[in-house]
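Colleague: model the structure of this input:
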Amino acid sequence: MSADDDLILIEQFLDDLWLQQGVSKNTLAAYRTDLKQFSQLLQSQIGRPIHQITRDDLDIAMLAMQRAGKSSRSSARFLSAARKFYRYLLHTEQRADDPTSNMRTPKQALNLPKSLSESDVEALLEAADTSSALGLRDRCMLEVLYATGLRVSELVGLQVSEVNLRQGVIRVTGKGDKERLVPMGEEAMDWLQRYLKTSRPELLASGKKGPTDVVFLSLRGQQMTRQTFWHRIKQLAAQAGLNADLSPHTLRHAFATHLLNHGADLRALQMLLGHSDIATTQIYTHVARARLQALHKTHHPRG
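Modeller: Predicted coordinates for the structure are as follows:
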């Protein structure tokens with residue numbers, strides 16, 4: 001089997017993964033990249049096609065990644081893709097065994113997500129110039145993001161039909177096409193109503209491709225990209241005197257951390273964030289604990 005045959009097999013696996021599990025485009029792209037790199041490694045160093053490797057071949061490949069400076073996080077992500085790939089081959093009877101069986105996932109250091117204090121969030125929100133259509137849009141997006149904890153892809157793809165101002169909720173289609181209802185809160189609702197009444201019609205009128213159902217519009221009256229919103233946040237963070245490395249995901253982390261700091265239940269937070277596994281949500285308990293420890297150290301007489 002040639003390198004081209006490997007690529008065909010990988011694409012067949014990804015098609016099946018999308019059909020059976022409805023994974024996101026970003027996840028598919030990550031799996032494609034990892035498996036292609038793995039195929040190239042096997043062809044160059046072991047001379048064996050991807051569907052015929054042994055457990056020893058896999059161990060050699062993992063060791064080669066480690067020596068090449070790959071992080072434990074990267075190795076763990078690759079192993080996740082490989083596990084799914086070889087289970088697919090096993091299920092479709094293209095292999096009689098799974099070489100990833102009983103392999104341990106590389107241990108990863110606990111990297112706490114970056115967050116913001118409540119005063120930092122306020123400074124970021126206030127940085128937007130709401131006297132302009134774009135500034136009001138930016139303020140509204142930040143308010144909704146902080147109030148709901150949406151993923152940035154969910155925010156920029158939000159449709160007008162998914163917003164219920166009367167009930168104060170947003171219907172979100174997240175990873176795996178799973179729907180969830182997320183409350184907005186009065187502050188975010190007020191800004192959203194103001195934006196929908198004034199700025200959005202102005203931005204929509206400037207578009208040249210006709211009407212769209214997307215809530216948050218670009219200067220051209222179309223859906224914003226994630227990259228555009230990320231750049232807007234960096235600019236606003238700089239204006240507010242905050243860390244320039246802020247991203248939309250930082251506000252999602254702030255949403256989760258601040259809810260826990262004020263006594264939110266972990267299971268409720270899992271539902272709001274759209275996590276399929278409670279273990280993913282538990283990272284925020286470490287964030288909240290770290291903040292409490294910092295407060296104790298700063299303010300307790302024996303800290």
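
Colleague: where do the strands of this protein begin and end?
Modeller: Counting by DSSP state E, the chain has strands at residues 163-164, 169-173, 179-183.

Colleague: if you average pLDDT over the first one, what comes out?
Modeller: The one in question is strand 163-164. Regarding strand 163-164, the rounded mean pLDDT is 94.

Colleague: and if you look at the last one?
Modeller: The average pLDDT for strand 179-183 rounds to 86.

Colleague: that one: how far from the chain's middle?
Modeller: Between the centre of strand 179-183 and the centre of its chain there are 17 Å (CA atoms, centre = their mean, to the nearest Å).

Colleague: and what of the second one?
Modeller: Here the centre of mass of C-alpha atoms in strand 169-173, compared against the chain's by CA atoms, centre = their mean, lies 16 Å away.

Colleague: repeat that for the shortest one.
Modeller: Offset of strand 163-164 from its chain centre (CA atoms, centre = their mean): 22 Å.

Colleague: minimum distance to Gly22: which of the strands of the chain has it?
Modeller: Smallest distance to Gly22 across the strands of the chain (CB to CB): 10.4 Å, for strand 169-173. Every residue, glycine included, has its C-beta placed from N, CA and C.

Colleague: touching the closest one from outside, list them.
Modeller: 144, 148, 150, 154, 158, 162-164, 179-184, 274 (CB atoms under 8 Å, 6 or more residues apart in numbering).

Colleague: among these, the buried ones, what's the ChimeraX command?
Modeller: Remark: buried members of those, expressed as a ChimeraX selection using 16 or more other CB atoms under 10 Å:
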select :144,148,150,154,158,162,163,182,184,274
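
Colleague: closest to Leu203 out of the contacts of strand 169-173?
Modeller: Relative to Leu203, the closest of those is Leu158; by CB to CB it sits at 14.5 Å.

Colleague: which ones are touching the closest one?
Modeller: Val144, Leu150, Ile170, Val172, Val214, Val215, Phe216.

Colleague: does the second one touch Val144 like I think?
Modeller: Yes: in terms of CB atoms under 8 Å, Leu150 counts as a neighbour of Val144; the distance is 7.1 Å.

Colleague: Asn261: neighbour count?
Modeller: Using other CB atoms under 10 Å, Asn261 is surrounded by 16 other residues.

Colleague: the most centrally placed residue in the chain: what's it in contact with?
Modeller: In the chain, the residue lying closest to the centroid (CA atoms, centre = their mean) is Arg151, at 5.7 Å. Each residue near Arg151 by CB under 8 Å, 6+ apart is listed here: Gly174, Lys175, His249, Arg252, Gly274.

Colleague: just these: which are in helices?
Modeller: Among the contacts of Arg151, DSSP state H puts His249, Arg252 in helices.

Colleague: and Leu292, what's its pLDDT?
Modeller: 49.

Colleague: check contacts around the closest residue to Leu142 other than its chain neighbours.
Modeller: Distances taken as CB to CB, 6 or more residues apart in numbering place Leu125 nearest to Leu142, at 5.4 Å, with adjacent residues excluded. For Leu125, the contacting residues are Arg139, Leu142, Glu143, Tyr146, by CB under 8 Å, 6+ apart.

Colleague: again, only this time at 7 Å
Modeller: The neighbourhood of Leu125, defined by CB atoms under 7 Å, 6 or more residues apart in numbering, consists of Arg139, Leu142, Glu143.

Colleague: do Met141 as well
Modeller: Met141 neighbours (CB under 7 Å, 6+ apart): Leu155, Phe216, Phe229.

Colleague: now with 10 Å?
Modeller: Each residue near Met141 by CB atoms under 10 Å, 6 or more residues apart in numbering is listed here: 128, 150, 152, 155-156, 158, 191-192, 195, 215-216, 224, 229, 232-233, 248, 251.
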